[in-house]
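Participant: okay, predicted coordinates and the sequence, questions at the end:
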Amino acid sequence: KAGVTQTPRYLIKTRGQQVTLSCSPISGHRSVSWYQQTPGQGLQFLFEYFSETQRNKGNFPGRFSGRQFSNSRSEMNVSTLELGDSALYLCASSLGDLLTGELFFGEGSRLTVL
Amino acid sequence: DAKTTQPTSMDCAEGRAANLPCNHSTISGNEYVYWYRQIHSQGPQYIIHGLKNNETNEMASLIITEDRKSSTLILPHATLRDTAVYYCIGRSNDYKLSFGAGTTVTVRA
């Protein structure tokens, strides 16, 4: 079966702009979680959605938001981009709870903010 | 905040066993310990998970202490392709998922 698909794979934005990233989970998976990965901070949890509801949220400012649609596809949005938002953004899908279900990761969307 | 701790890096000779420790002091009684690894420029890949008992699959073995506050991932016969960053997943007191900083494992020929 198809894996987790993230689009776009690469993008370049300038400070102050906003960006929307998309994640299509594995068919049948209802949980989608998002992560930011940077060389300095490692892999950090952003938020998790399950059945269109945000279930968990990490320690990120309100500029980072997300949503999940009825088909389980998810988007995350970052507004008023800052240089420090340059990172690899990963999403993962799972059947159920984050800590009791295996996570399947996509290849990520690499964002560069100039 | 995050409560999982792992060594920053580890070297291992090809063909030898690699033992990767992780402390996860806030794991609750009914939550599993998961290990993932990330090879450069790819998304993390699942390795193994466990609750209380030791587990083994085709990739690795997982040893969990009786108090569940720590675990050890064992790669029995490391190969060059096992060079990666290894993460254990725990949960912090405020229910935020924690990946920890990971251990960079370098397997040398």
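Facilitator: Thanks, I have the structure now.
Participant: shaky segments in chain A?
Facilitator: A:1, A:97-100 (pLDDT under 70).
Participant: who in it is up against chain B?
Facilitator: Neighbours of chain B within chain A, by CB under 8 Å from any CB of the partner chain: A:4, A:33, A:35, A:42-45, A:48, A:56-59, A:90, A:92, A:98-100, A:102-108. Heads up, the C-betas are built off the backbone N, CA and C, glycines and all.
Participant: tell me which of the residues you listed fall in strands.
Facilitator: A:33, A:35, A:42-45, A:48, A:56-57, A:90, A:92, A:104-105 (DSSP state E).
Participant: max pairwise distance over the residues you listed: which two?
Facilitator: A:K57 and A:F104 (21.0 Å; CB to CB).
Participant: between the ones in strands among the residues of chain A next to chain B, which is closest to chain B?
Facilitator: Chain B has its nearest neighbour among these in A:F105, at 3.2 Å by CB to the nearest CB.
Participant: give me the nearest residue to the closest one, chain neighbours excluded.
Facilitator: Counting by CB to CB, 6 or more residues apart in numbering or on different chains, B:G43 is the residue found nearest to A:F105 once chain neighbours are left out, at 3.2 Å.
Participant: in three-state terms, label the residue of chain B found nearest chain A for me.
Facilitator: Relative to chain A, the nearest point of chain B is B:G43 (3.2 Å; CB to the nearest CB). Applying DSSP: H, G, I helix; E, B strand; the rest coil to B:G43 yields a three-state assignment of coil.
Participant: now swap in A:G84 and tell me
Facilitator: A:G84 - assigned by three-state DSSP - is helix.
Participant: how many neighbours does it have?
Facilitator: Using other CB atoms under 10 Å in any protein chain shown, the number of residues around A:G84 comes to 10.
Participant: now for it: which residues touch it?
Facilitator: Going by CB atoms under 8 Å, 6 or more residues apart in numbering or on different chains, A:G84 touches A:V113.
Participant: which stretches of chain B have low pLDDT?
Facilitator: In chain B (pLDDT under 70), the answer is B:1-2, B:91-98.
Participant: in it, which spans are strands?
Facilitator: So, for chain B - with DSSP E - the strands run B:4-5, B:9-13, B:18-24, B:33-38, B:45-50, B:55-56, B:61-64, B:70-75, B:84-91, B:97-98, B:103-108.
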